[in-house]
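Undergrad: Sharing a sequence plus its predicted fold:
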Amino acid sequence: MESCGHGNTDNKTVYESLNKIKNKLLVMSGKGGVGKTSVSVNLSIALSNKGFKVGLIDVDIHGPDILRMLGLSGKMEINEDKKLIPISYSENLKVVSIEALISNREDAIIWRGPMKNSAIKQFIGDVEWGELDYLIIDSPPGTGDEPLTVAQNISDAKAIIVTTPQEIALADVRKSINFCKIVKMEILGLVENMSGFICPHCNNDVQLFGTGGGEKTAFEANIKFLGRIPFDPNIVKCGDSGASFQEQYIHSQVTNTFLNIAEIISEKDKNRKDNSMRFAIPLADGKLTSHFGHCQNFALIDVEKNKISKKEILIPPPHEPGVLPKWLSDLGTNIVIAGGMGHRAMSLFEQAGIKLVIGAPVDSPENLVMSYLSNNLVSSENLCSGGGEHHTCGGH
């Protein structure tokens, strides 16, 4: 590797660089072939598209792929302070990879642990990252030198573990979970990749590798489940050509899933003002639906100083008992406006600290929020669409 002038980056330089970065996320997996790098790339794009300043580091020294997946080329330059300048993918996303420091990208990198450790420290301390909201670190599979170096040098890094649903991958994920416990790294959550495939010919959901194994593993390990990313051949095609999947397939289920995961991650770390609120409203055809647990999508509406500041439409996770209360809580929801809801669901929302407004009329989400803010919308008798007092439609 060609040095930027600091062959042995000191701990002070690393600390000063890290001090300007709010959140550090290590994306790891127990085994190869689970799409970990694809998750790192698309999560970085999703966060940057939300307006966050994001840095992406490829610390897979022996198999770096990020630059190619992003369609980037060229080498990193050095500024007047002898700092490496990361390669810009967009205004909000900067990238560093070993490939941008070697003359021939086809050359094999044959390094032992100390050399890899030094390079990773250089990627942190000798790069002009500036102020970042998120630093995403894509590490190679397993629990070797690279993730260990990150754990030892970034004390507040949090792990995102990527797996596929089949048992052989889940067995290796459990090793990653144990690794994080040993090095005392907090696990932000687990992502189940390649979870189902929608056949383009018959529209049936084909379980290529099974489904639900990642969520079950997360539940058993008491860690957050961030979401299921379905298998889509276009992800492979875009990765090979260096095109952005999320730009080319903006309305796909995969894009929506990455936006959901980015929303969960960013809302958890966002310091919301005391006078701000986030409303969640179940929709069908753009208006409130009484079928809470089976709605087409949710409107998430942010209110600042009694004015609507932001609106997003998100597709809810698969219809299963107890999923929606947790999902909406993770998204930072304060208030749910619904037509009706079962008692079990109401109890789960109350446990999550979310206020419920039940019995709302069919209307646009904006009108419902403004009615609430003007004190014209209050909870009435529970009108659960299932008709029975103990129906649990909202808990699904």
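TA: Nice, thanks for sending it over.
Undergrad: which one is Asn42 nearest to, not counting chain neighbours?
TA: Phe258 (4.9 Å; CB to CB, 6 or more residues apart in numbering). For the C-beta atoms, the positions are set from N, CA and C on the backbone; glycine is no exception.
Undergrad: starting at the chain centroid, how far to the one helix or strand that neighbour maps to?
TA: For Phe258, the host element (DSSP states H and E) is helix 253-269. Remark: helix 253-269 is offset 5 Å from the chain centroid, using CA atoms, centre = their mean, to the nearest Å.
Undergrad: buried residues in that helix?
TA: 254-267 (16 or more other CB atoms under 10 Å).
Undergrad: One more: stretch 141-151?
TA: Buried, per 16+ other CB under 10 Å, within stretch 141-151: Pro141, Gly142, Thr143, Asp145, Glu146, Pro147, Leu148, Thr149, Val150, Ala151.
Undergrad: roughly how far out does it sit from the chain middle?
TA: With CA atoms, centre = their mean, you get 21 Å for stretch 141-151.
Undergrad: Quick check: mean pLDDT of it?
TA: Averaged across stretch 141-151, the pLDDT comes to 80.
Undergrad: likewise stretch 90-108?
TA: Here the average pLDDT along stretch 90-108 is 74.
Undergrad: Tell me, how many residues neighbour Ser329?
TA: Neighbours of Ser329 under the rule other CB atoms under 10 Å: 20.
Undergrad: I'd guess it is in a strand, am I close?
TA: No: assigned with DSSP: H, G, I helix; E, B strand; the rest coil, Ser329 falls outside any strand and is helix.
Undergrad: Leaving out sequence neighbours, find the closest residue to it.
TA: Ala352 (4.0 Å).
Undergrad: Next, give phi and psi for the one you found.
TA: phi -80, psi 0 (degrees, to the nearest 10).
Undergrad: Kindly report the same for Asn375.
TA: Per degrees, to the nearest 10, the backbone of Asn375 is at phi 60, psi 30.
Undergrad: Local confidence estimate at it?
TA: 79.
Undergrad: what's the answer for Leu383, then?
TA: 42.
Undergrad: go on, Pro318?
TA: The predicted local confidence for Pro318 is 80.
Undergrad: swap in Ser276?
TA: 77.
Undergrad: coming back round to it: wait, doesn't the residue nearest to Ser329 sit right on Lys326?
TA: Yes: counting by CB atoms under 8 Å, Ala352 does reach Lys326; the two are 7.2 Å apart.
Undergrad: The stretch 151-300 of the chain: helices as residue ranges?
TA: Per DSSP state H, counting those that start in this stretch, the stretch 151-300 of the chain carries helices over the ranges 167-182, 213-221, 233-241, 245-248, 253-269.
Undergrad: Columns distance to Lys307 and mean pLDDT on top of those, output as a markdown table?
TA: Formatted as a markdown table, the helices of the stretch 151-300 of the chain follow (distance: least, CB to CB, whole Å; pLDDT from 0 to 100):
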| stretch | distance to Lys307 | mean pLDDT |
| --- | --- | --- |
| helix 167-182 | 41 | 84 |
| helix 213-221 | 37 | 82 |
| helix 233-241 | 38 | 86 |
| helix 245-248 | 29 | 90 |
| helix 253-269 | 19 | 84 |
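Undergrad: which stretch among those helices comes nearest Ala280?
TA: Closest approach to Ala280 among those is made by helix 253-269 (11.6 Å; CB to CB).
Undergrad: So what's the gap between stretch 349-364 and the chain middle?
TA: With CA atoms, centre = their mean, you get 26 Å for stretch 349-364.
Undergrad: What is the nearest of the buried residues of helix 253-269 to Gly340?
TA: Asn260 (24.7 Å).
Undergrad: on that earlier part again, hmm, who's touching the helix holding Phe258?
TA: For helix 253-269, contacts defined as CB atoms under 8 Å, 6 or more residues apart in numbering pick out 22-23, 25, 42-43, 45-47, 49-50, 52, 134, 188-189, 191, 198, 224, 226-230, 232, 235, 245-246, 249, 278, 300, 312, 314-315, 317, 330-332.
Undergrad: Quick check on those residues: which are buried?
TA: Buried subset of the contacts of helix 253-269 (neighbour count, 16+ other CB under 10 Å): 23, 25, 42-43, 45-47, 49-50, 52, 134, 188-189, 191, 224, 226-230, 232, 235, 245-246, 249, 278, 300, 312, 314, 317, 330-332.
Undergrad: Could you dump the helices of the stretch 151-300 of the chain into TSV and include distance to Ser88?
TA: Shown next, in TSV, are those (distance: least, CB to CB, whole Å):
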stretch	distance to Ser88
helix 167-182	31
helix 213-221	33
helix 233-241	19
helix 245-248	16
helix 253-269	20
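Undergrad: of all those, which lies closest to Glu366?
TA: Nearest to Glu366, of the helices of the stretch 151-300 of the chain and by CB to CB, is helix 253-269 at 19.4 Å.
Undergrad: before we move on, the earlier item: can you tell me how far the residue nearest to Ser329 sits from Val27?
TA: Per CB to CB, to the nearest Å, Ala352 is found 27 Å from Val27.
Undergrad: Which of these two has more residues huddled nearby?
TA: Taking neighbours as other CB under 10 Å, Ala352 and Val27 compare with Val27 leading, 23 against 14.
Undergrad: Can you list the low-confidence ranges for the stretch 1-150 of the chain?
TA: Low-confidence regions of the stretch 1-150 of the chain, defined by pLDDT under 70, span residues 1-10, 61-64, 100-114, 116, 143.
Undergrad: ranges for the strands of it?
TA: 21-29, 54-58, 77-78, 84-85, 87-88, 93-97, 132-138 (DSSP state E, counting those that start in this stretch).
Undergrad: and of those, who's closest to Val173?
TA: It's strand 21-29; of these, that one is closest to Val173 (CB to CB) at 7.3 Å.
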